[in-house]
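> Here you go, sequence then predicted model.
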Amino acid sequence: MNGWKRPIHNDRFSLEVDHWIKIQPKAESISELLEGGIEFHAHSSPSVSKRKYSDIEYAMEARSCGMSGIVLKAHEGDTAARAQLVQEVVPEIRTIGGVVLNRYVGGFNADAVKMSHQLGGGIVWFPTVDADNHERFKATLTTDMASYEPGQYGGLTILDANGEVKREVERILEYVARHQLILASGHLSVPEIKALIPVLHQYQIRKFVIQHPDLHLINMSREDQMEVANEGFFLEKCLISFLPNHRVRSVAEILTDIKEVGHSHYLMVTDFGQHHHPSPIEGLNFFVHLLQSSGISSQQIVDMIRETPERLLSGKV
């Protein structure tokens, strides 16, 4: 990888890169801050959507930058077995898989969680493309995301008709707690996340990550992000949320979140892997340069890209 390369095959993304370049100079070199880093949220193939790289290519690029780990996330289901294979081919990179609780695996299916864990999976994601919240925003999503067809029974929600967390969800929480797995919010809505928090405390689950809270289909306010952080949980600062066609808040507001909520509560991720974007590692490199030139210190970036993900993976939270 030779710094940030502007794709010439996609006009929409070129316009987005132009927007970034107006804010900060482009990254010309690989940042040393990537060394030891972990990309905690990106997509690769195999997938029903066209992806930039395969799992193995993704791991090899991370290795070339001196990173220590990657997470494989797939809307289609479970990546635990895929992660094992990648680990054999690229042993220098720790590759972490897990299961996304979309309809492909039966939704809120505790057996799917158990099998994923037995295959080495370390993360459980709540529904993404099959989430009720996702379906409400379907018309506003990119072509890749809009291509997923929802299940015949409507979107998945963790709440019952009384606004309580469903029993089948609690069975999953019981397993997550017993085996100290990482739990991620997927595309749950803010009200669902808020309703979940007291139940997480009940099960003594601390390894909970709110994904892309600044994305338009989540749109979590700074006050709500502060509340989540004060409860002891974690949030992503996600590069894809900086793109004009995804965000509802300005870049300046997102940077203020890091400063006011506290960088120790955030993970730096990209959510890249789409074929029309640069690779996740290229995106992460740009993200590092962008934050560094926007007043976020090198140590804070290291904490968000290396130390906090490592704490989640090791259970030291």
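Yep, it's here.
> can you map out the strands along the protein?
For the chain, the strands defined by DSSP state E cover 38-39, 69-71, 94-96, 98-100, 123-125, 182-184, 208-210, 234-238, 266-269.
> closest to Ile56 out of those?
strand 94-96 (9.5 Å; C-beta to C-beta). All C-beta atoms are positioned from the backbone trio N, CA, C, and that covers glycine.
> so what does that closest one touch, helix or strand wise?
strand 69-71, helix 80-89 (3 or more C-beta pairs under 8 Å, 6 or more residues apart in numbering; DSSP states H and E).
> try 10 Å this time
Packed against strand 94-96 by the contact rule (3 or more C-beta pairs under 10 Å, 6 or more residues apart in numbering; DSSP states H and E) you find helix 55-64, strand 69-71, helix 80-89, helix 308-314.
> tell me how far it is from the chain's mean position?
15 Å (C-alpha atoms, centre = their mean, to the nearest Å).
> pLDDT of it, averaged?
Mean pLDDT, computed over strand 94-96, is 98.
> now swap in stretch 99-119 and tell me
97.
> Can you dump the C-alpha atoms of it in PDB for me?
This file holds the C-alpha atoms of stretch 99-119, laid out as PDB (Å, rounded to 0.1, in the frame of the first residue of the first chain):
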ATOM      1  CA  VAL A  99     -21.600 -14.500  14.300                       C
ATOM      2  CA  VAL A 100     -24.000 -11.900  13.200                       C
ATOM      3  CA  LEU A 101     -27.500 -12.700  14.400                       C
ATOM      4  CA  ASN A 102     -29.300 -12.100  11.100                       C
ATOM      5  CA  ARG A 103     -32.000 -14.400   9.700                       C
ATOM      6  CA  TYR A 104     -29.300 -16.500   7.900                       C
ATOM      7  CA  VAL A 105     -28.500 -18.100  11.300                       C
ATOM      8  CA  GLY A 106     -32.000 -18.000  12.700                       C
ATOM      9  CA  GLY A 107     -32.000 -14.600  14.200                       C
ATOM     10  CA  PHE A 108     -31.700 -14.700  18.000                       C
ATOM     11  CA  ASN A 109     -30.400 -18.200  18.000                       C
ATOM     12  CA  ALA A 110     -28.400 -19.300  21.000                       C
ATOM     13  CA  ASP A 111     -27.300 -22.500  19.300                       C
ATOM     14  CA  ALA A 112     -25.700 -20.400  16.500                       C
ATOM     15  CA  VAL A 113     -23.800 -18.400  19.200                       C
ATOM     16  CA  LYS A 114     -22.700 -21.600  20.900                       C
ATOM     17  CA  MET A 115     -21.500 -23.200  17.600                       C
ATOM     18  CA  SER A 116     -19.700 -20.000  16.600                       C
ATOM     19  CA  HIS A 117     -17.900 -19.900  19.900                       C
ATOM     20  CA  GLN A 118     -16.900 -23.600  19.700                       C
ATOM     21  CA  LEU A 119     -15.400 -22.900  16.300                       C
END
